[in-house]
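Chemist: next input, structure requested:
(one chain, ligands or ions: 1)
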Amino acid sequence: MAASGAHDSPTEAPQPVEDEEIKTFKDLGVTDVLCEACDQLGWAKPTKIQTEAIPLALQGRDIIGLAETGSGKTGAFALPILNALLETPQRLFALVLTPTRELAFQISEQFEALGSSIGVQSATPGRLIDHLENTKGFNLRALKYLVMDEADRILNMDFETEVDKILKVIPRDRKTFLFSATMTKKVQKLQRAALKNPVKCAVSSKYQTVEKLQQYYLFIPSKFKDTYLVYILNELAGNSFMIFCSTCNNTQRTALLLRNLGFTAIPLHGQMSQSKRLGSLNKFKAKARSILLATDVASRGLDIPHVDVVINFDIPTHSKDYIHRVGRTARAGRSGKAITFVTQYDVELFQRIEHLIGKKLPVFPTQDDEVMMLTERVTEAQRFARMELREHGEKKKRKREDVGDNDDTEGAIGVRNKVVGGKMKKRKGH
Ligand code: AMP
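Modeler: Next up, the predicted model:
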């Protein structure tokens with residue numbers, strides 16, 4: 001790995017000032033034109049991570065930010081960068097590395113929103129290494145800022161070699177911000193190699209989830225998962241949901257099942273093409289769909305502002321993923337619910353999650369007799385979903401299509417209409 005002269009243990013940031021003392025971005029040292037941009041985005045006051053990180057970043061310090069998605073961390077690094085850019089405008093000023101293209105896209109949207117009045121341009125070139133190696137005349141020798149966002153995830157996705165290569169071709173004399181939800185050994189190694197005398201800003205103590213998040217679990221036999229899912233969606237109707245499944249196939253199947261029952265569900269997973277994924281996400285963002293079904297590929301970094309409820313339909317195998325999944329709700333001061341399905345096979349994994357977050361979760365209350373009344377309709381919808389999945393598989397073979405081409409499940413609603421016409425009504429009593 002490149003670079004030396006870095007210090008092992010970062011200094012802790014001073015305790016953030018109380019809410020009453022800090023009122024505005026201006027108080028943090030942000031320049032007027034950017035304060036106005038925050039205002040226009042409806043950012044009334046800085047979030048905790050912004051309050052901690054921005055003044056230090058403006059002083060020129062390297063920053064380690066331990067912050068979850070939803071904490072406002074993008075603003076925490078974008079504002080100091082834009083502030084510095086305004087002082088010394090130049091091309092290729094800052095580079096932000098992120099694990100996924102969706103996240104890159106969302107970060108560039110925030111940069112552009114904040115920098116709209118000063119003509120900031122951003123691009124999401126995809127794999128930067130290809131660009132560096134193959135695009136004539138492209139180099140990063142004048143770079144002033146490097147951000148590594150979701151560093152733990154970048155490294156978990158085996159981008160270590162790529163990160164090393166990038167560190168070698170950018171100037172040592174730069175500012176570096178490293179943001180990560182978790183401080184793994186790999187992240188610590190990267191921090192030592194890439195940051196100079198960094199200061200650490202953490203918005204919550206290790207692995208703690210946000211306060212406004214109500215977390216529950218539901219212990220159910222695996223064969224009733226679908227039925228309980230439908231029951232909860234009915235019980236909490238009117239909310240927006242993000243449902244996590246362990247595989248692409250189960251995401252697809254569950255989306256078909258729900259659509260067969262009249263729910264506006266849409267899948268988002270790694271086997272879909274990039275444009276389908278963004279399409280799904282945009283429909284969900286525009287509130288045209290209220291239920292997003294996703295794998296863990298989609299569970300990190302996405303900027304989905306209005307998820308009211310997260311359902312862990314399949315329990316995460318890595319308990320840290322739990323934190324990332326539930327980080328989709330209770331964002332930016334709003335409240336939210338997370339419900340984790342625990343089957344007979346998941347008890348140990350669930351105990352690990354409770355251990356990680358340091359608390360015992362309450363059971364999500366259900367009326368079992370009401371749940372059981374849904375069994376028949378759910379069984380029928382399961383049958384249709386299986387048929388549709390099979391048909392889709394065969395069609396794919398015939399046409400040699402990209403899996404993503406039909407993945408929003410919307411071409412497969414013909415069968416659904418035979419099951420139920422509209423949204424399921426909640427049935428009370430017998
Ligand atoms: P992030 O953690 O960077 O993914 O941001 C999560 C969401 O919070 C985004 O939709 C931001 O637009 C929003 N946000 C960031 N900073 C603020 C703020 N100071 N006040 C209100 N919302 C914010």
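
Chemist: biggest helix in this structure by residues?
Modeler: helix 375-399 (DSSP state H).

Chemist: any idea how far it is from the middle of the chain?
Modeler: 29 Å (C-alpha atoms, centre = their mean, to the nearest Å).

Chemist: where in the stretch 201-350 of the chain is pLDDT low?
Modeler: Residues of the stretch 201-350 of the chain meeting the criterion pLDDT under 70: 204-211, 298-306, 332-333.

Chemist: for the strand or helix carrying F77, list every residue counted as buried.
Modeler: Counting by DSSP states H and E, the element that carries F77 is helix 73-87. By neighbour count, and taking 16 or more other C-beta atoms under 10 Å as the criterion, the buried residues in helix 73-87 are 73-85. Every residue, glycine included, has its C-beta placed from N, CA and C.

Chemist: and stretch 359-376, by the same measure?
Modeler: Within stretch 359-376, the residues that count as buried by 16+ other C-beta under 10 Å are 361, 364, 370-371, 373-374.

Chemist: which one of those is nearest the ligand?
Modeler: L361 (24.0 Å; C-beta to the nearest ligand atom).

Chemist: ok, now which ones touch the closest one?
Modeler: Taking C-beta atoms under 8 Å, 6 or more residues apart in numbering as the contact definition, L361 lies against 215-217, 340, 354.

Chemist: change it to 6 Å
Modeler: When the contact criterion is C-beta atoms under 6 Å, 6 or more residues apart in numbering, the partners of L361 are 215-217.

Chemist: and what of Q214?
Modeler: By C-beta under 6 Å, 6+ apart, the neighbours of Q214 are K337.

Chemist: what mean pLDDT does stretch 118-137 get?
Modeler: Over the span of stretch 118-137, the pLDDT mean works out to 85.

Chemist: wait, I meant stretch 31-40
Modeler: In this model, stretch 31-40 has an average pLDDT of 95.

Chemist: distance between that stretch and the chain's centre?
Modeler: From the chain centre to the centre of stretch 31-40 is a distance of 26 Å (C-alpha atoms, centre = their mean).

Chemist: go through it and flag the buried ones.
Modeler: With the criterion 16+ other C-beta under 10 Å, stretch 31-40 contains buried residues 31, 34-35, 37-38.

Chemist: try stretch 185-205
Modeler: Of the residues in stretch 185-205, those buried (16+ other C-beta under 10 Å) are 187, 190-192, 194-196, 198-203.

Chemist: hmm, it touching the ligand?
Modeler: No - counting by C-beta under 6 Å from any ligand atom, the ligand is not contacted by stretch 185-205; separation bottoms out at 9.8 Å.

Chemist: export that stretch as PDB, just CAs?
Modeler: Backbone C-alpha positions of stretch 185-205 (Å, rounded to 0.1, in the frame of the first residue of the first chain) are rendered in PDB as follows:
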ATOM      1  CA  LYS A 185      -9.300  -4.400  10.700                       C
ATOM      2  CA  LYS A 186      -9.100  -3.800   6.900                       C
ATOM      3  CA  VAL A 187     -10.500  -0.300   7.400                       C
ATOM      4  CA  GLN A 188      -8.000   0.400  10.100                       C
ATOM      5  CA  LYS A 189      -5.200  -0.700   7.800                       C
ATOM      6  CA  LEU A 190      -6.500   1.500   5.000                       C
ATOM      7  CA  GLN A 191      -6.800   4.400   7.500                       C
ATOM      8  CA  ARG A 192      -3.100   4.000   8.400                       C
ATOM      9  CA  ALA A 193      -2.000   4.000   4.800                       C
ATOM     10  CA  ALA A 194      -4.100   6.800   3.500                       C
ATOM     11  CA  LEU A 195      -4.900   9.300   6.200                       C
ATOM     12  CA  LYS A 196      -2.600  11.800   7.900                       C
ATOM     13  CA  ASN A 197      -3.100  12.500  11.600                       C
ATOM     14  CA  PRO A 198      -6.900  12.000  11.300                       C
ATOM     15  CA  VAL A 199      -9.500  13.100  13.700                       C
ATOM     16  CA  LYS A 200     -12.300  10.700  14.400                       C
ATOM     17  CA  CYS A 201     -16.000  11.800  14.300                       C
ATOM     18  CA  ALA A 202     -18.500   9.200  15.500                       C
ATOM     19  CA  VAL A 203     -22.200  10.000  15.600                       C
ATOM     20  CA  SER A 204     -23.200   7.000  17.700                       C
ATOM     21  CA  SER A 205     -21.200   4.600  19.800                       C
END
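
Chemist: who touches the helix holding F77?
Modeler: Applying C-beta under 6 Å, 6+ apart, the set of residues contacting helix 73-87 from outside is 30-31, 34, 49-50, 53-54, 57-58, 65, 67, 93-94, 107, 110-111, 114-115, 145, 147, 177, 179.

Chemist: which among the contacts of L361 count as buried?
Modeler: Once neighbours are counted (16+ other C-beta under 10 Å), the buried part of the contacts of L361 comes down to 215, 217.

Chemist: just the contacts of L361: which are in helices?
Modeler: Among the contacts of L361, no member falls in helices (criterion: DSSP H).

Chemist: nearest to the ligand among the contacts of L361?
Modeler: Q215 (19.4 Å).

Chemist: can you give me the strands in the stretch 201-350 of the chain?
Modeler: Assignment of strands within the stretch 201-350 of the chain using DSSP state E, counting those that start in this stretch yields the ranges 213-219, 241-244, 265-268, 291-294, 309-312, 336-342.

Chemist: what does this protein put close to the ligand?
Modeler: Within reach of the ligand by C-beta under 6 Å from any ligand atom, the chain has these residues: 43, 46-47, 50, 69-75, 303, 305, 331-332.

Chemist: from those residues, which one has the minimum pLDDT?
Modeler: The member of the residues of the chain next to the ligand with the lowest pLDDT is P305, at 58.

Chemist: which residue does the stretch 101-250 of the chain have closest to the ligand?
Modeler: Using C-beta to the nearest ligand atom, the single residue of the stretch 101-250 of the chain nearest to the ligand is Q110, 6.2 Å away.

Chemist: before we move on, which element is that residue in?
Modeler: helix 101-115.

Chemist: now the next helix or strand after that helix: buried residues?
Modeler: Using DSSP H and E, the next helix or strand after helix 101-115 towards the C-terminus is helix 128-134. Within helix 128-134, the residues that qualify as buried by neighbour count (16+ other C-beta under 10 Å) are 128, 132.
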